[in-house]
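>>> sequence and predicted structure are below.
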Amino acid sequence: MTLRLFLLVLMLMRALSLFSQSDSELTQNEKSYLLVKKIIISGNKVTRDHIIIRELTIKENDTLWFRDIAKRFQSCKENLLNTSLFNFVTIDTIEVKNHEANISINVAERWYIWPTPFFEVTERNFNTWLETKNFSKAAYGIYVSDENFRGRKESLRLLIRMGYNEQYGFSYKIPYLNKKKTWGFGLTGSYGQTHETPYITLGNKPVFFKDTEHYIQKNYFSNIQAVNRKGIYTTQIYQINYDYYHFDDTLVNLNSEFSKKADTINQFLSLYYLYKSDHRDNVAYPLQGYYFGVELVKRGLGLLKNENINFAYATFTFRKFWKLSDRFHFASSLKTKISTAGFQPYFLQKGLGYGSDFLRGYEYYVADGQHFALLKTNVKFTLLPVKIIKFNFIPAEKFNKIHLAMYLNVYSDIGYVSDHQISKLNNNLSNTALYSTGVGLDFVTYYDKVFRFEYSVNRIGEEGFFLHFSSPI
């Protein structure tokens, strides 16, 4: 008994010794640090240094604890890649001496100036066009953009689109006007006219009216915006818009709710506000982090002559991305829209089925309404982790090195649209629960290109293959 007690005491003393030693080593490690003496930037032939420094969570004369260095470097790298100015970023310490170090940041810039001829189909998504393969709905033209004008992350864009939908527009945005680089400015203007436009929704699908000899809709649009970005992850946008629509009277005769009071001319001012907090590791195809956004829109301010538009709405978006293991990830998003009780004309009303607001498996349909909620979930398995491929036969550095990754997805979506205006027109996807599920394969490559191949089944038992060109969540 005495021997057992003696051995037990020895074991406890040994355990306490190991604990004490481990704690001492941890404390010593916590005391290890580096003082950032200088930040050295290379590879930026166009982008100004101050644009890069603006995205860093590390500054000169900062003290970096050893335990935090890898995490701080990773956040800086993600912030720089999320500017969409660079294809690759490497960050490392150099010349470490007496707890002082220089930080090396090397960037591989993208190609910023794109005079791009295009030929496209003007549908809500690529899959709705595949349903009919109607090339009469094709548009063509040229899109000219400089996404890093003057090396200051300014964007300058010009658009000339002809064919099915004609549109001529421009936009100019400068991210920083003041010395603290917290305020930016933007200006946009466009003119469009078309021979064909949807005038009503029947059977959960937009119905179009076409006049080959006359333009049945003409519209002008312009806005001015101020952008506030005090830190790195939070942005606020304040914007005022001007819209002018001129419709052919056939449209308002076919649908009395197409325009309020069947007016063929609508002009109105709008106020727009966006708050977003973006902590995603990759904006184009996130695997970790989260995004929260709030949009507030007031259409019609009562300041223009015959301004008969008067309603408001708010949208709330939350997306969360988890890393479950080295190869498994989980993502979920919730988006809701809430509108005021005022009348919303058909040409301005949007529920689910437009843009990125749709349930997978319902690509061919729309669910119109004034309010909606959309929940998306994704479990993905990494088939091919990010692989960098270099083509030595291509001399241009901006194009000779690409990254490629592949992910297998299992997903499920749930949605609901509340409508009190047009649901009676055989649009049974409104005012009822919607859900779908499916599997997909995603390809992600450089210049933020995403290709998604999906097989979905919806609530009404329809199934099919669909193609998309953006992140699923």
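Cool, got the structure.
>>> distance check, residue 250 against residue 209.
6 Å (C-beta to C-beta, to the nearest Å). Yep, even glycine has a C-beta here, placed from its N, CA and C like the rest.
>>> what's the overlap in contacts for those two?
Here residue 250 and residue 209 have residue 216 as joint contacts, going by C-beta atoms under 8 Å, 6 or more residues apart in numbering.
>>> so which of these two has more stuff around it?
residue 209 (19 against 15; other C-beta atoms under 10 Å).
>>> and that one, bridged to which residues?
residue 197 (DSSP bridges).
>>> go on, the one 10 residues further on?
Residues in a beta bridge with residue 219, per DSSP bridges, are residue 192, residue 245.
>>> all numbers from here: first residue = 7
Right, with 7 as the first residue, what we last looked at is residue 225.
>>> and it, how far is that from residue 356?
With distances taken as C-beta to C-beta, residue 225 is found 16 Å from residue 356.
>>> and what of residue 227?
To residue 356, residue 227 is 16 Å away according to C-beta to C-beta.
>>> try residue 453
Residue 453 sits 29 Å away from residue 356, going by C-beta to C-beta.
>>> more neighbours: which of those two?
Taking other C-beta under 10 Å, residue 453 and residue 356 do not tie; residue 356 has more neighbours (17 against 12).
>>> what sits against the more buried one?
Counting by C-beta under 8 Å, 6+ apart, residue 356 has contacts 363, 374.
>>> give me the nearest residue to residue 238, chain neighbours excluded.
The shortest distance from residue 238 to any residue other than its chain neighbours is 5.8 Å, reached at residue 85 (C-beta to C-beta, 6 or more residues apart in numbering).
>>> am I right that the one you found sits in a helix?
Yes. Assigned with DSSP: H, G, I helix; E, B strand; the rest coil, residue 85 falls within a helix.
>>> what number of residues lie near it?
18.
>>> same question for residue 456.
By other C-beta under 10 Å, 17 other residues sit near residue 456.
>>> ok, what's across the strand from it?
Beta-bridge partners recorded for residue 456 (DSSP bridges): residue 450.
>>> and the gap between it and residue 290?
On the measure of C-beta to C-beta, residue 456 and residue 290 end up 6 Å apart.
>>> mind listing the strands for the stretch 57-206 of the chain?
For the stretch 57-206 of the chain, applying DSSP state E, counting those that start in this stretch gives strands covering 69-71, 92-103, 106-115, 119-127, 144-155, 160-169, 171-180, 189-200, 202-208.
>>> which of the helices or strands spans residue 213?
Residue 213 is located in strand 211-216, with elements delineated by DSSP states H and E.
>>> could you give the angle of that strand to strand 202-208?
140 degrees (axes from the mean of the first three to the mean of the last three C-alpha atoms, to 10 degrees).
>>> now for strand 211-216, which elements pack on it?
The contact analysis (3 or more C-beta pairs under 8 Å, 6 or more residues apart in numbering; DSSP states H and E) places strand 211-216 against strand 202-208, helix 255-260.
>>> at 10 Å instead, please
helix 132-138, strand 202-208, helix 255-260 (3 or more C-beta pairs under 10 Å, 6 or more residues apart in numbering; DSSP states H and E).
>>> coming back round to it: overlap of the contact sets of residue 456 and residue 290?
Here residue 456 and residue 290 have 450, 476, 477 as joint contacts, going by C-beta atoms under 10 Å, 6 or more residues apart in numbering.
>>> can you check the pLDDT for the last one?
Residue 477 is assigned 94 on the pLDDT scale.
>>> so where does it fall, helix or strand?
Applying DSSP H and E, one finds residue 477 in no helix or strand.
>>> how about it, what does it touch?
Contacts of residue 477 by C-beta under 10 Å, 6+ apart are 286, 288-293, 325, 327, 337, 362, 384, 448, 450, 454, 456, 458.
>>> restricted to buried residues, select those in PyMOL.
In PyMOL, a selection of the buried entries from the contacts of residue 477 looks like this (16 or more other C-beta atoms under 10 Å):
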select buried, resi 286+288+289+290+291+292+293+325+327+337+384+448+450+454+456+458
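>>> show me the contacts of residue 477 that map onto strands.
325, 327, 337, 384, 448, 450, 456, 458 (DSSP state E).
>>> which one of these sits closest to residue 207?
residue 458 (26.1 Å; C-beta to C-beta).
>>> OK, contacts around that closest one?
Residue 458 touches 291, 366, 413, 415, 446-450, 472-478, counting by C-beta under 10 Å, 6+ apart.
>>> kindly report the domain assignment for the chain.
31-115, 119-474 (automatic domain parsing).
>>> in TSV: those domains, plus mean pLDDT.
As requested, the domains of the chain are exported to TSV (pLDDT from 0 to 100):
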stretch	mean pLDDT
domain 31-115	89
domain 119-474	91
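>>> so what pairs up with the nearest residue to residue 193 once chain neighbours are set aside in the strands?
Leaving out its chain neighbours, the residue that sits closest to residue 193 by C-beta to C-beta, 6+ apart is residue 178, at 5.2 Å. With DSSP bridges as the criterion, residue 178 is bridged to residue 162, residue 193.
>>> so what's the residue count around residue 178?
Close neighbours of residue 178, defined as other C-beta under 10 Å, add up to 16.
>>> contact partners for the residue nearest to residue 61 when sequence neighbours are not counted?
Residue nearest to residue 61 in three dimensions, not counting chain neighbours: residue 85, with 4.1 Å by C-beta to C-beta, 6+ apart. By C-beta under 10 Å, 6+ apart, the contact set of residue 85 is 58, 60, 61, 62, 63, 95, 238, 239, 287.
>>> may I see these arranged in CSV, with neighbour count and distance to residue 373 as well?
CSV is the format used below for the contacts of residue 85 (neighbours: other C-beta atoms under 10 Å; distance: C-beta to C-beta, whole Å):
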residue, neighbour count, distance to residue 373
58, 23, 44
60, 19, 42
61, 19, 39
62, 22, 44
63, 16, 42
95, 21, 41
238, 16, 37
239, 17, 33
287, 18, 32
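>>> output the residues you listed as CSV; include the columns distance to residue 199.
Converted to CSV, these look like this (distance: C-beta to C-beta, whole Å):
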residue, distance to residue 199
58, 42
60, 40
61, 41
62, 46
63, 48
95, 43
238, 41
239, 40
287, 42
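>>> which of those residues fall in helices?
58, 60 (DSSP state H).
>>> hang on, residue 456 packs against residue 291?
Yes. Taking C-beta atoms under 10 Å as the definition, residue 456 is a contact partner of residue 291 at 5.6 Å.
>>> what's the neighbour count on residue 427?
So residue 427, with other C-beta under 10 Å, has 16 neighbours.
>>> so what's it up against?
By C-beta under 10 Å, 6+ apart, the residues touching residue 427 are 263, 349, 350, 351, 352, 355, 374, 375, 376, 436.
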